[in-house]
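Engineer: Next one to model:
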Amino acid sequence: MGVIQPEGTTEDLCYQGTHEETSRQTTSRGMTQRNVPKTIAKANSIMRDDLVASPSPMEQVLAKRLADVEVVMRRIQGMPIPTKKSRSHCYADSPFVDEIALVDMPQKFTIPNMKLYDGTTDPDDHIASYKQRMFTVSIPRSLREACMCKSFGSSLFGPTLQWYTNLPNGSINSFAQLTDTFVEQFASSEKLEKLSADLYRVYQRRGEPLREYVSRFNKEKICIPACNLETAVDAFRKGLFSDGELYKEFTKLGCITMEDALPRAVIQIRWEEDEINQPIHSRYDSRRNDKKPEHKPAEHRY
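Structural biologist: Residues are numbered from 1 along each chain as shown. Model prediction:
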């Protein structure tokens, strides 16, 4: 006897097989139907995060207007500035691009001790000092740029640190760009570059020993990056007393370099200091204080 199947059974089996095949095709490779709800929930979460991370055009306009209002309020004396509220993901803010921001620092890396920069001195001097300090730390070559960038904020203090934290996210892509932006921001604190002609402003004061004048002149000379040697010698000669022996000697014999002028100045310094110390030495000169015994004639007794 054959088995009689009830009506609709064959169609139901075909529909079930077709539905299962369609479900397998619509899902991703290796994914079962049990994972579909989880995948949908995860996709919805990612979409919500994207909506939070990327504000709408209207929100951007409102944020810009709010920033303009805060700028106006800062100009009003005595007006309290509204407190800014931190965003949920503010801990991940970084002025560097992902190629730098996502680099992990070496485990044994320690930022060397250095003087913090507050914006009152030359920014170029701070960068030079920062580089020399960082060069003393062993850093792998592949991580050197990232370490130089991410450690720079630790060398700042006060208004300079505030400037660093306010840099736009992802706006810095190298250490060179960071230093250029830094110098441009604090350019008002740069030292004026001295010229060779500035040495003519250094002259020997009345009553000033020659040793002190030479010391002051050398301090000014080493502050000039590219000092002209002829100008330096001429300024040194004209800074001396016109009635002094050293000025007369330089004028008669002439000097081409400071190596020729300084030895003659040293000789004159020794002579001046010896003249000053001569009265002091005379007080303790035993030869002058010793008195010769008086010769008395011998008395003849009768």
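Engineer: C-alpha from now on. contacts and neighbour counts both.
Structural biologist: Fine.
Engineer: Distance of Pro263 relative to Leu246?
Structural biologist: Distance, Pro263 to Leu246, by C-alpha to C-alpha, to the nearest Å: 11 Å.
Engineer: So those two - more neighbours on which side?
Structural biologist: More crowded of Pro263 and Leu246, by other C-alpha atoms under 10 Å: Leu246, with 20 against 11.
Engineer: What residues sit buried inside the helix or strand harbouring the more buried one?
Structural biologist: Per DSSP states H and E: Leu246 is located in helix 245-253. Using 16 or more other C-alpha atoms under 10 Å as the test for burial, helix 245-253 gives 246-247, 250.
Engineer: Just the closest of those residues to Ile100, please.
Structural biologist: Phe250 (60.2 Å; C-alpha to C-alpha).
Engineer: Look at the nearest residue to the closest one once chain neighbours are set aside and tell me its secondary structure.
Structural biologist: Of all residues beyond its chain neighbours, the one nearest Phe250 is Arg237 (6.8 Å), with distances taken as C-alpha to C-alpha, 6 or more residues apart in numbering. Following DSSP: H, G, I helix; E, B strand; the rest coil, we place Arg237 in the helix state.
Engineer: how much space is there between Arg237 and Tyr213?
Structural biologist: From Arg237 over to Tyr213 (counting by C-alpha to C-alpha), the distance is 11 Å.
Engineer: With neighbour numbers in mind, choose between the two.
Structural biologist: In this view Arg237 and Tyr213 are compared by other C-alpha under 10 Å, and Arg237 has more residues nearby, 22 against 17.
Engineer: list the contacts for that one?
Structural biologist: Counting by C-alpha atoms under 8 Å, 6 or more residues apart in numbering, Arg237 touches 247, 250-251.
Engineer: Would you mind giving the residues you listed as a markdown table with pLDDT added?
Structural biologist: Output for the contacts of Arg237, formatted as a markdown table (pLDDT from 0 to 100):
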| residue | pLDDT |
| --- | --- |
| Tyr247 | 88 |
| Phe250 | 85 |
| Thr251 | 85 |
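Engineer: With respect to Thr120, which of those residues is nearest?
Structural biologist: Tyr247 (40.9 Å).
Engineer: need the contact list for the closest one.
Structural biologist: So Tyr247 contacts 237-238, 240-241 (C-alpha under 8 Å, 6+ apart).
Engineer: Make JSON lines out of those and add distance to Lys131 and pLDDT.
Structural biologist: Listed next are those as JSON lines, based on distance: C-alpha to C-alpha, whole Å; pLDDT from 0 to 100:
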{"residue": "Arg237", "distance to Lys131": "39", "pLDDT": "90"}
{"residue": "Lys238", "distance to Lys131": "40", "pLDDT": "90"}
{"residue": "Leu240", "distance to Lys131": "41", "pLDDT": "92"}
{"residue": "Phe241", "distance to Lys131": "44", "pLDDT": "89"}
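Engineer: from those, which would you call buried?
Structural biologist: Buried, going by 16+ other C-alpha under 10 Å: 237-238, 240-241, out of the contacts of Tyr247.
Engineer: ok, and for the one helix or strand Leu161 maps to, which residues are buried?
Structural biologist: Using DSSP H and E, Leu161 falls within helix 159-165. The neighbour-count check on helix 159-165 (16+ other C-alpha under 10 Å) flags 160-161, 164 as buried.
Engineer: Which residue ranges of this structure form helices?
Structural biologist: Using DSSP state H, the helices of the chain run over residues 9-26, 36-53, 57-75, 98-101, 123-135, 144-150, 159-165, 175-185, 210-222, 229-238, 245-253, 258-283, 286-289.
Engineer: Looking at these, which is nearest to Tyr200?
Structural biologist: Each of the helices of the chain was scored for nearness to Tyr200 using C-alpha to C-alpha, and the closest is helix 229-238 (5.0 Å).
Engineer: who are the neighbours in contact with the nearest residue to Leu178 once chain neighbours are set aside?
Structural biologist: Distances taken as C-alpha to C-alpha, 6+ apart place Ile172 nearest to Leu178, at 6.2 Å, with adjacent residues excluded. Ile172 makes contact with 95-97, 178, according to C-alpha under 8 Å, 6+ apart.
Engineer: Ile111 versus Asp234, what's the distance?
Structural biologist: Going from Asp234 to Ile111 by C-alpha to C-alpha gives 47 Å.
Engineer: For the two, work out which one has more neighbours and name it.
Structural biologist: When neighbours are counted by other C-alpha under 10 Å, Asp234 and Ile111 differ, and Asp234 comes out ahead with 19 against 14.
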